[in-house]
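# Only the shape, not the letters, is given here:
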């Protein structure tokens, strides 16, 4: 079946512009996660959605970052007033039941470059 | 804060060799430990997940062990093949998934 999909695959933007990154989780998965992988760094947790519960935003690096999940499915990660240090690969993952112990399935990522 | 370290950072071996990748973590209060594979331009593929109550998991030529008390996990790859070339990441789940920086593996024919 279809896996996690993300769009766009690549995004180049100018410093100060806003960007939106999209994630389509696996159908039926209730949990959705966003991560960031910066050059030379490990993957960094950003935000976690579980069903209709309030999201866990503890990993967001600043208030320029926000995310929403509509209808318990598609999620959009928005970065406002982008900075060069926001350049990274943004990965989305989903899991079936949302328990912290479930296997997470990852999308191919969106490579963001801020000039 | 959970710190996850992977050693070595890079490894090159000839085809057919058995090899071990190491992962250590600082906070032993984990829910599970996962090993992923990352290929260039692609997302992560989950290889093995070891629950905190388990000691090891096996899948084909892969075997992962977990020693929570010492904060260590190893991924053993038997009879390596060129198709195994990729970056291998371990991640310890506490409050969130905490990833190491990975081991870049190259298996040469």
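Happy to help now that I have it. Since the model is a prediction, treat every value here as computed from it, not as a measurement. Numbers count the residues shown, from 1 in each chain, chains lettered A, B, ... in the order given.
# need the residues of chain B near chain A, please.
Chain B comes close to chain A at residues B:4, B:31-32, B:34, B:36, B:41-46, B:49, B:51, B:89, B:91, B:93, B:95-102, as judged by Cβ under 8 Å from any Cβ of the partner chain. To be clear about C-beta, it is placed using only N, CA and C from the backbone, and glycine gets the same treatment.
# switch the cut-off to 10 Å
B:3-6, B:30-32, B:34, B:36, B:38-39, B:41-46, B:48-49, B:51-52, B:89-91, B:93-102 (Cβ under 10 Å from any Cβ of the partner chain).
# Surely residue A:45 is in contact with residue B:99?
Yes. Assessed by Cβ atoms under 10 Å, residue A:45 is found in contact with residue B:99 at 8.5 Å.
# residues touching residue B:108, list them.
By Cβ atoms under 10 Å, 6 or more residues apart in numbering or on different chains, the residues touching residue B:108 are B:12-15, B:17, B:80, B:82, B:85.
# For residue 109, give me the pLDDT.
Using chain A here. Per-residue pLDDT puts residue A:109 at 93.
# that answer is for a different chain, and I need it for chain B
95.
# wait, doesn't it sit right on residue B:13?
No. In this structure, residue B:109 is not within contact of residue B:13 by Cβ under 10 Å, at 11.3 Å.
# Tell me which of those two has more neighbours.
Between residue B:109 and residue B:13, counting by other Cβ atoms under 10 Å in any protein chain shown, residue B:13 is the more crowded of the two (16 against 7).
# which stretches of chain A form helices?
Per DSSP state H, chain A carries no helices over any range.
# Name the member of the contacts of residue B:108 with the most neighbours.
residue B:80 (21 neighbours).
# for it, what are its contacts?
By Cβ under 10 Å, 6+ apart, the neighbours of residue B:80 are B:11, B:13-19, B:61, B:105-108.
# before we move on, back to that, from the contacts of residue B:108, which ones fall inside helices?
Per DSSP H, these never map to helices.
# hey, what's residue B:14 bridged with?
Beta-bridge pairing of residue B:14 under DSSP bridges involves residue B:108.
# In chain A, what residue spans correspond to strands?
Remark: strands assigned in chain A by DSSP state E are A:5-7, A:10-13, A:19-24, A:31-37, A:43-50, A:65-69, A:75-79, A:88-95, A:105-106, A:110-114.
# picking that back up, now the residues of chain B next to chain A: which count as buried?
Buried members of those, scored by 16 or more other Cβ atoms under 10 Å in any protein chain shown, are B:4, B:6, B:30-32, B:34, B:36, B:38, B:43-44, B:46, B:48-49, B:89-91, B:93-102.
# Chain neighbours aside, what residue packs nearest to residue A:84?
Nearest non-adjacent residue to residue A:84, counting by Cβ to Cβ, 6 or more residues apart in numbering or on different chains: residue A:114, 5.0 Å away.
# Check the gap between that neighbour and residue A:34 for me.
Residue A:114 sits 17 Å away from residue A:34, going by Cβ to Cβ, to the nearest Å.
# Neighbour count for the two, which is higher?
residue A:34 (26 against 19).
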